[in-house]
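Peer 1: Curious how this folds, go ahead:
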Amino acid sequence: MSNGRVVAVIPARGGSVSIPRKNIKPLAGRPLIDWVIKPALDSAVFAEVWVSTDDDEIATIAQQCGAHVHRRAAETATATASTESALMDFVAAHPDYDILCLIQATSPLIIPQDFIDGLEKLHSANADSLVTAVRAHRFMWAVDSSTGTANAKNYDPLRRPRRQDWDGELIENGAFYMTKKEVLERERCRLGGRIALHEMAEHTLTELDSAVDWQIVNNMVETDGYWPVGVSPPKPLVVAESVVAVPVRLTLAVGVLAAATTGALAYLAARRP
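Peer 2: Numbers count the residues shown, from 1 in each chain. Next up is the predicted model:
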């Protein structure tokens, strides 16, 4: 089956607010956008991979990472502009596609196989568009603002299911979306018509939208991120023994280990009994 012409676009504006210069901020030694450009290229799914940006530095780095660059209109790169506005701006300039794949740089744990499987799912489901999601076993609640009463949204607290007896919830993780041309141009939205879903690994749930997210993902990319051929994870820092050979006094307490050095630093860690 022919896939038609499948094109990928990665929106990456320069004015990130929550994490300044987020799209090119180094993550484990690589610019953030490289973490989605490389798996997109290596999947061999796409005829072209583009970065849509209003920023000169992002444009330069995107090209260095192997992507084409689309200079997006200023009105599509404001803090209030929708991602859909950036998509429509892109396809107006590059109409030669059958399926458009929106890839979000804030999901750096994508691997090439995700794009391969996602496109296969789109076709096998005879779908018009595709969303990615992660299965999470989480109980969700809502609080009535007028009464303060809490209510379970997805389970009965009186019949609390075991994890192994429950399929969990499929939560949109925002990694990528695929949309056929006819649907995108008709709906002007990334999702429409018959929608298929590609389920991704649980660790891909986190999106980089805050400093806390960044800390979480930074600790995950070494083992769960995609490392292209010839690129290796950074080696852990090895400190010479002579550097750390300072007087240390260790005191054991119940459930707590306290380590005090000759300076004014103390480290406390809770320990299971």
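Peer 1: Which parts of the stretch 151-273 of the chain are helices?
Peer 2: Ranges of helices in the stretch 151-273 of the chain, per DSSP state H, counting those that start in this stretch, are 181-187, 211-218, 221-224, 241-244.
Peer 1: and Asn23, which of those is closest to it?
Peer 2: Closest to Asn23 of those is helix 211-218 (CB to CB; 12.4 Å). C-beta coordinates here come from the backbone N, C-alpha and C atoms, glycine included.
Peer 1: So which bits of the closest one are buried?
Peer 2: Trp214, Val217 (16 or more other CB atoms under 10 Å).
Peer 1: Which elements pack onto it?
Peer 2: In this structure, helix 211-218 packs against strand 26-27, with contacts taken as 3 or more CB pairs under 8 Å, 6 or more residues apart in numbering; DSSP states H and E.
Peer 1: The strand it packs on pairs with which strands?
Peer 2: strand 30-31 (antiparallel) (DSSP bridges).
Peer 1: C-alpha coordinates for the helix or strand just after the partner strand, CSV please?
Peer 2: Proceeding N to C from strand 30-31, the next assigned helix or strand is helix 34-42, under DSSP states H and E. Provided in CSV are the C-alpha atoms of helix 34-42 (Å, rounded to 0.1, in the frame of the first residue of the first chain):
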residue,chain,number,x,y,z
ASP,A,34,17.3,17.2,17.7
TRP,A,35,15.6,14.6,19.9
VAL,A,36,12.6,14.6,17.5
ILE,A,37,14.3,15.5,14.3
LYS,A,38,16.7,12.5,14.4
PRO,A,39,14.0,9.8,15.0
ALA,A,40,11.8,11.3,12.3
LEU,A,41,14.6,11.2,9.8
ASP,A,42,15.8,7.7,10.7
